[in-house]
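A.B. asks: Predicted structure and sequence below. I'll ask about it afterward.
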Amino acid sequence: MPHTLSRLNPDGSNIDGYGNYHIEIDGPEGSPLVNKSVLNLYFLDSGDYSTVSAIPGYGWIKPSQQVWFQKTSSQLQTMYKGAPHAQKESAPGLVYFHIPLPEYSSFDSSNFTGVRQEGISSASVNSGFFATMVEAGDVKAVFTGHDHLNDFCGKLTGIQLCYAGGFGYHAYGKAGWSRRTRVVSAFLEKTADGQWGGVKSIKTWKRLDDQFLSTIDSQVLWSKGPTGRRRKSPSPAGN
């Protein structure tokens, strides 16, 4: 379709599914990181229903897709940390696919932001993709759909697992519960000399299709460097 950034699988690749690709978001024009990707988006095809007769239920991220993700993530991290303008840390990565992972069941109302109004419709097997993302080291958040009445974000082993929330009117919803879309925004840091640097934080909120186009549940998904620390007050003279 015109203007879409979605793609089929990389040329010459042999990967399960059809929509496995990544998008690199370079630094601003005129900045030292103009030719480096400061934010990496990974998209994977989680399939539909299981294609293995002995395994019922929904699909999952296959081994070939995980190998592609591992190689892509490793290459992007190497490039970001290499010359010119080598960076000390990896650029943050965000991962998008449709069917939630079994790990989405790890949360309850005490440790997520948003609502859970139906079960987690993940695959009946765990393909290990969550562990693969943790091992890669650059993934900060995952975004899925599939369960239209869930819209929460919960953090597990350093990765935010988020639902996008029910958006379209062509599928099931809940009476009295506004359709919604999740917005994700990345904010850049300023270097000591006043130039734009890498991503310093990633925030999210949901926009409701109500009479006010309300925004709810604003939260920081990831922030660069230590957080939550208070600066120590200077000690009195002589102490």
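C.D. replies: Yep, that arrived.

A.B. asks: Tell me the secondary structure of residue 32, please.
C.D. replies: coil (DSSP: H, G, I helix; E, B strand; the rest coil).

A.B. asks: so what pLDDT did the closest residue to it other than its chain neighbours get?
C.D. replies: Nearest residue to residue 32, sequence neighbours excluded (Cβ to Cβ, 6 or more residues apart in numbering): residue 85, at 4.6 Å. (Glycine included, C-beta is placed from N, CA and C.) pLDDT recorded at residue 85 is 93.

A.B. asks: Please state the mean pLDDT value computed over the helix or strand harbouring residue 143.
C.D. replies: Counting by DSSP states H and E, the element that carries residue 143 is strand 139-144. For strand 139-144, mean pLDDT rounds to 98.

A.B. asks: Going forward, count from 54.
C.D. replies: Sure, I'll start counting at 54 from here, so that last one is strand 192-197.

A.B. asks: Direction included, what does that strand pair up with?
C.D. replies: When pairing is defined by DSSP bridges, strand 192-197 lines up against strand 146-149 (parallel), strand 212-216 (parallel).

A.B. asks: residues making contact with it?
C.D. replies: Strand 192-197 has contacts (Cβ atoms under 8 Å, 6 or more residues apart in numbering) with 95, 99, 126, 145-154, 157, 186, 206, 211-217, 235, 237, 255, 257, 274-275.

A.B. asks: likewise stretch 95-105?
C.D. replies: Contacts of stretch 95-105 (Cβ under 8 Å, 6+ apart): 59, 69-76, 109-115, 118, 122, 125-126, 146-152, 176-177, 192, 197.

A.B. asks: and those, which of them are in strands?
C.D. replies: If you go by DSSP state E, the contacts of stretch 95-105 have 74-76, 146-149, 192, 197 in strands.

A.B. asks: The closest residue to residue 86 other than its chain neighbours - how many residues pack around it?
C.D. replies: Spatial nearest neighbour of residue 86, chain neighbours left out: residue 80 (3.0 Å); criterion: Cβ to Cβ, 6+ apart. By other Cβ atoms under 10 Å, 22 other residues sit near residue 80.

A.B. asks: Would you agree residue 80 is in contact with residue 251?
C.D. replies: Yes: contact criterion Cβ atoms under 8 Å: residue 80 and residue 251 qualify, at 7.4 Å.

A.B. asks: Just give the strands next to the top strand by length along the chain in its sheet, each with its orientation.
C.D. replies: Ranked by residue count and defined by DSSP E, the top strand of the chain is strand 249-261. When pairs are called by DSSP bridges, strand 249-261 turns out to pair with strand 233-243 (antiparallel), strand 268-276 (antiparallel).
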